[in-house]
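Student: give me a 3D structure for the following:
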Amino acid sequence: METSRPRPVLILGAAARIAIPIARLLRRRCGVAVDVASVSSGDRFSSRAVRKFIALPNSQVSPERFSQRLLELVRAERYDMLFPVQDAALAATARNYDALSSLLHVACPPPRVLQRVLNKSFTLQVAEQCGISIPATYHVSKASDVEGTAHLHFPVVLKPAEKKGSEKVKALYFFTREALITWLAAPSPEEFLLQEYCPGVGVGIEMLIHQSGCIAAFQHRRLKESPPTGGVAVMAIAEEPDPQLVAASLRLLRALEWEGVAMVEFRKDPATGNAVLLEINGRYWGTTGLALCAGMEFPVYQWQLAHGQSPSIPKAYKVGTRWRWTAGYLSRLHSVLLKPSSTLTPRTSRLKEIAQLPLDWSPAIKDALFSFSDPGPAFHETLDEIIQTAKSDIVRVLPRDLRLGWNAYAQIGPKARRIYLRSLILDKLHIRSMDQRTVPAGARSFVFVCFGNIMRSAMAEAIFLKVLAEHGHEKEVHVVSAGLHAIPGREAHPWAQIACEHAGLSIAAHRSKLVTIEMIEQADAVFAMDFQNRAELLTRYPEAQHKIFMMTAYGDSSERSREISDPYFGNEESTKACFGLLESCIRRLEESLFSRTEPSVADSPLENTPKAANIRVGKGISNA
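Tutor: Next up is the predicted model:
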């Protein structure tokens, strides 16, 4: 009887250094076709080992569309197994676990168990109960929380308390209390873990757990990390398993009721031999390719178990196998050679890095992506890293306005970039017909939009409500503010609160919101603060282009040639100046809506506010 060909599998997550080695192995050893689907916008690669790459909607921006498209894809392609390889992929799999598990084998535990690992706080609590050492850890979300950490020793590491895959902050290192308090100045609804920095080297214990038993184990040690203070591995070596760390890892994973693959990460101090738990990756990890090169084929064993087969696990693997992620290595090398010495660890020096270059590029070292039969992925990723690094260096020496403009351009999508560039060019040519469009007099529903909804749009909403109340129109008009990249629930920035208090307003109760399609549909007018905001709005909501306006359309003749730039990287004074500009624009808006010909800008209570025409604070990557 002829054996039917195995159904294809789907790797969810476009981390090339993880997905491609798994795809190559499954294709070679299990004879299965492999597809890869993205969970974030902009992720894409190609490989001969991957049958096709599918760009799904962003799982964080459009979770419902993502879920619908993912399930349609699984049904249409009749996938047999799903391998999540990124935290965002894990989170998306957990949200759709019941539907997915009815269609195929899912290579991770159910949400009840998965959440225990995605929640770093819970993981650390269970580790302590298991007798495993953890770093001194505090929960913080705002600057005042640091007051309760008097015994905290610096440097410290700040990381999100939960793995969601959408974190803008993975890990930040602070060398002084002042720097930490400054960063936490804008309170966040997101909770962070603040941990004392633990000296030593990163050690990972990788396991495949099946029916509460460890059927395969592997250990690696990080030789180089990016950043050098501690981060992702860019060079690693396969080591003999440490019996104590293996026992601790198994004890912890059993306590969490884990099934499947996981990497338990420790920081081990070579001087004392002490090891502390950092976290658990409940998925295939960044150095997965090292384990595969050393002979521990975790994806094959997991696929075989899912299909009722008994995997043949080797008793030993090739200890001493070395691995390098070339793109990450180049990024780290660039950082070490060009960044200030204060950001480097005692074990890192520029001379040492240069001296080690010949050894780090030895032909004996396994590359994370390179294969003679499939060289494209390694070539393209390395070339892209070189180009991006070169661009970053060029941008760094540009004048401030050009640098901030480039940052704005770089963080938006291709279609939004075209709109953004067109706006800049027309502005420089003093062709401003789009910028000066005003709303119809009958408009009564308004949305003010900026980047993070903690500064400009929050102040605009408060000002408009006050101006409407002054003239008895507050019940006739609906006003809301939102951010294109807001973290929902954040308080207004302290500088914005001070600027409002200076004018007799309070935005202490304000909480940031993301822009939604419902807001746009219900609005008569949507106001953007700068060209970047407008470009993103026009790209996301092309059907609403007739109702998207620039706030400076209501500025005076000098203000109409400008954007209302983001004061987030300015200071308290520049934020007050931004408030003044917003107020003058909004008073003219209110006058036009209710057909009063006499301008009331002169009646502004902000007599001490700096002149609005002087506030070009900059635009680009921001949080306001």
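Student: I figured Val126 hits Val113, correct?
Tutor: No. Between Val126 and Val113 there is no contact under Cβ atoms under 8 Å: 11.7 Å. Just so you know, the C-beta spots here come from the backbone N, C-alpha and C atoms, and that holds for glycine as well.
Student: what sits in contact with each of these two?
Tutor: Listed contacts common to Val126 and Val113 are Leu256; contacts here mean Cβ atoms under 8 Å, 6 or more residues apart in numbering.
Student: neighbour count winner among those two?
Tutor: A count of neighbours by other Cβ atoms under 10 Å puts Val126 above the other of Val126 and Val113, at 20 against 16.
Student: I would like the residues contacting the helix or strand hosting the more buried one, please.
Tutor: Applying DSSP states H and E as the criterion places Val126 in helix 120-129. Here helix 120-129 makes contact (Cβ under 8 Å, 6+ apart) with 115-117, 134, 137, 139, 159-163, 191, 193, 252, 255-256, 277, 279-280.
Student: immediately after that helix, which helix or strand?
Tutor: Taking DSSP H and E, what comes next after helix 120-129 is strand 137-140.
Student: what does that next one contact?
Tutor: 121, 124, 145-146, 148-149, 152, 158, 161, 184, 191-195.
Student: and that strand, C-alpha only, in CSV?
Tutor: Taking Å, rounded to 0.1, in the frame of the first residue of the first chain, the C-alpha atoms of strand 137-140 are listed here in CSV:
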residue,chain,number,x,y,z
THR,A,137,12.6,42.1,41.6
TYR,A,138,10.1,45.0,41.9
HIS,A,139,6.9,45.9,40.1
VAL,A,140,6.9,49.4,38.7
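Student: that strand pairs with which strands, parallel or anti?
Tutor: Sheet pairing of strand 137-140 (DSSP bridges) gives strand 192-196 (antiparallel).
Student: against which helices or strands is the helix or strand just after the strand it pairs with packed?
Tutor: Heading C-terminal from strand 192-196, the first helix or strand you meet, by DSSP H and E, is strand 201-210. Counting contacts by 3 or more Cβ pairs under 8 Å, 6 or more residues apart in numbering; DSSP states H and E, strand 201-210 is packed against strand 213-226, strand 232-239, helix 243-255, strand 260-268, helix 298-306.
Student: parallel or antiparallel, which strands does strand 201-210 pair with?
Tutor: strand 213-226 (antiparallel), strand 260-268 (antiparallel).
Student: Lys366 is nearest to which of these?
Tutor: strand 213-226 (11.8 Å; Cβ to Cβ).
Student: quick one, the closest one and helix 298-306 angle?
Tutor: 160 degrees (axes from the mean of the first three to the mean of the last three Cα atoms, to 10 degrees).
Student: from the recorded domain assignment, give the ranges for this protein.
Tutor: For the chain, the structural domains run 9-108, 115-135+198-393, 424-614, going by automatic domain parsing.
Student: where do the strands of the stretch 301-450 of the chain begin and end?
Tutor: 322-324, 366-367, 445-450 (DSSP state E, counting those that start in this stretch).
Student: for the ones you listed, which one ends up most surrounded?
Tutor: By mean neighbour count, with neighbours taken as mean count of other Cβ atoms under 10 Å, strand 445-450 ranks first of the strands of the stretch 301-450 of the chain at a mean of 26.
Student: which SSE is immediately downstream of that strand?
Tutor: Assigned by DSSP H and E, the successor of strand 445-450 is helix 456-470.
Student: show residues contacting the next helix or strand after that next one.
Tutor: Sequence-wise, the next helix or strand downstream of helix 456-470 (DSSP H and E) is strand 478-483. Contact with strand 478-483 is made by 444-454, 457-458, 460-461, 464-465, 468, 512-516, 519, 522, as judged by Cβ under 8 Å, 6+ apart.
Student: mind listing the strands for the stretch 451-600 of the chain?
Tutor: Counting by DSSP E, counting those that start in this stretch, the strands of the stretch 451-600 of the chain are 478-483, 525-528, 548-550.
Student: okay, those strands, which one's buried deepest?
Tutor: strand 525-528 (a mean of 26).
Student: which stretches in the stretch 1-150 of the chain count as helices?
Tutor: 16-30, 63-77, 87-95, 97-101, 111-118, 120-129 (DSSP state H, counting those that start in this stretch).
Student: now those helices as CSV including mean pLDDT and distance to Thr575?
Tutor: Below are the helices of the stretch 1-150 of the chain laid out as CSV (pLDDT from 0 to 100; distance: least, Cβ to Cβ, whole Å):
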stretch, mean pLDDT, distance to Thr575
helix 16-30, 97, 41
helix 63-77, 95, 33
helix 87-95, 93, 33
helix 97-101, 96, 45
helix 111-118, 92, 36
helix 120-129, 93, 34
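Student: shaky segments in the stretch 451-600 of the chain?
Tutor: 557-561, 596-600 (pLDDT under 70).
Student: at 80 what do you get?
Tutor: By pLDDT under 80, the weakly predicted segments of the stretch 451-600 of the chain are 556-562, 569, 595-600.
Student: distance of Leu421 from Ile394?
Tutor: Going from Leu421 to Ile394 by Cβ to Cβ, to the nearest Å gives 17 Å.
Student: ok, the spatially closest residue to Glu474 that is not a sequence neighbour to Ala525 distance?
Tutor: Distances taken as Cβ to Cβ, 6 or more residues apart in numbering put Leu468 closest to Glu474, at 4.4 Å, once the chain neighbours are dropped. Distance from Leu468 to Ala525, counting by Cβ to Cβ: 14 Å.
Student: circling back to that earlier point, between Leu421 and Ile394, which has more neighbouring residues?
Tutor: Each of Leu421 and Ile394 has its neighbours counted (other Cβ under 10 Å); Leu421 has more, 14 against 11.
Student: Asn453 versus that one, what's the distance?
Tutor: With Cβ to Cβ as the criterion, Leu421 and Asn453 are 25 Å apart.
Student: ranges for the helices of the stretch 501-624 of the chain?
Tutor: Under DSSP H, counting those that start in this stretch, the stretch 501-624 of the chain gives helices at 517-522, 531-540, 572-593.
Student: go through the last one and flag the buried ones.
Tutor: What it means is helix 572-593. Within helix 572-593, the residues that count as buried by 16 or more other Cβ atoms under 10 Å are 574-593.
Student: what's the angle from it to helix 456-470?
Tutor: Using the same axes, to 10 degrees, helix 572-593 lies at 50 degrees relative to helix 456-470.
Student: send me helix 572-593 as PDB with only the CA atoms.
Tutor: In PDB, the C-alpha atoms belonging to helix 572-593 read as follows (Å, rounded to 0.1, in the frame of the first residue of the first chain):
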ATOM      1  CA  GLU A 572       8.100  71.700  30.000                       C
ATOM      2  CA  GLU A 573       8.400  75.100  28.200                       C
ATOM      3  CA  SER A 574       8.000  73.600  24.700                       C
ATOM      4  CA  THR A 575       4.900  71.700  25.900                       C
ATOM      5  CA  LYS A 576       3.400  75.000  27.200                       C
ATOM      6  CA  ALA A 577       4.200  76.500  23.800                       C
ATOM      7  CA  CYS A 578       2.500  73.600  22.100                       C
ATOM      8  CA  PHE A 579      -0.500  74.200  24.300                       C
ATOM      9  CA  GLY A 580      -0.600  77.800  23.200                       C
ATOM     10  CA  LEU A 581      -0.600  76.900  19.500                       C
ATOM     11  CA  LEU A 582      -3.300  74.300  20.000                       C
ATOM     12  CA  GLU A 583      -5.500  76.800  21.900                       C
ATOM     13  CA  SER A 584      -5.200  79.500  19.200                       C
ATOM     14  CA  CYS A 585      -6.100  76.900  16.500                       C
ATOM     15  CA  ILE A 586      -9.000  75.500  18.500                       C
ATOM     16  CA  ARG A 587     -10.500  78.900  19.300                       C
ATOM     17  CA  ARG A 588     -10.500  79.700  15.500                       C
ATOM     18  CA  LEU A 589     -12.100  76.300  14.900                       C
ATOM     19  CA  GLU A 590     -14.900  77.000  17.400                       C
ATOM     20  CA  GLU A 591     -15.500  80.500  15.900                       C
ATOM     21  CA  SER A 592     -15.800  79.000  12.400                       C
ATOM     22  CA  LEU A 593     -18.300  76.400  13.500                       C
END
